[in-house]
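# Test case, fold it:
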Amino acid sequence: RAGEIGVAARFNRECDRAVAALTEAGIPAAQVRGDRTGAAEAVNVGTMHAFKGLEYRCVAVIGVNEGALPYPRAVTPAEVDRLQHEADLLAERCLLFVACTRARDDLYVSWTGRPSEFLPEAVTRQG
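Below is the predicted model of the structure:
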């Protein structure tokens, strides 16, 4: 069923594009946001933050590319505060972990361009 599928992304604009692409392909899609937990009859699309506490049979985590995870604006520069920098990187890594662990049976992770540094095997395979 469509409601057993979740699509998580780092940013709302990616979620909007995913909903549009699914809808255009004739696949029902609903956005998961704060107070809206999705729909049983549609693929549930939302940010990684919105997926906290949810579970789906299958999850696609999209846009896990360099520049999105870690998101530079969410990470304090090391030269400003080394300890905060490390804590920020950990928070960004945990965000990806949470999104990936929303999958009960199957997980798909994608990126465009260069993959996130949090995907070391993908970086190794490419380069």
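
# where do the strands sit along the chain?
Ranges of strands within the chain are 5-9, 29-32, 43-47, 56-62, 103-109, based on DSSP state E.

# where are the low-confidence patches of the protein?
Along the chain, the parts satisfying pLDDT under 70 run over 35-38, 121-127.

# what ranges do the helices span in it?
Using DSSP state H, the helices of the chain run over 12-24, 82-100, 120-126.

# and the angle from the second one to strand 103-109?
On the basis of axes from the mean of the first three to the mean of the last three C-alpha atoms, to 10 degrees, helix 82-100 is oriented at 110 degrees to strand 103-109.

# what comes into contact with helix 82-100?
8, 10, 48-49, 51-52, 59, 61, 64, 69-71, 74-78, 107, 109, 116, 118 (C-beta atoms under 8 Å, 6 or more residues apart in numbering). Placement of C-beta: from N, CA and C, glycine included.

# can you rerun that using 7 Å?
Residues outside helix 82-100 that contact it (C-beta atoms under 7 Å, 6 or more residues apart in numbering): 8, 48, 51-52, 61, 64, 69-71, 74-78, 107, 109, 118.
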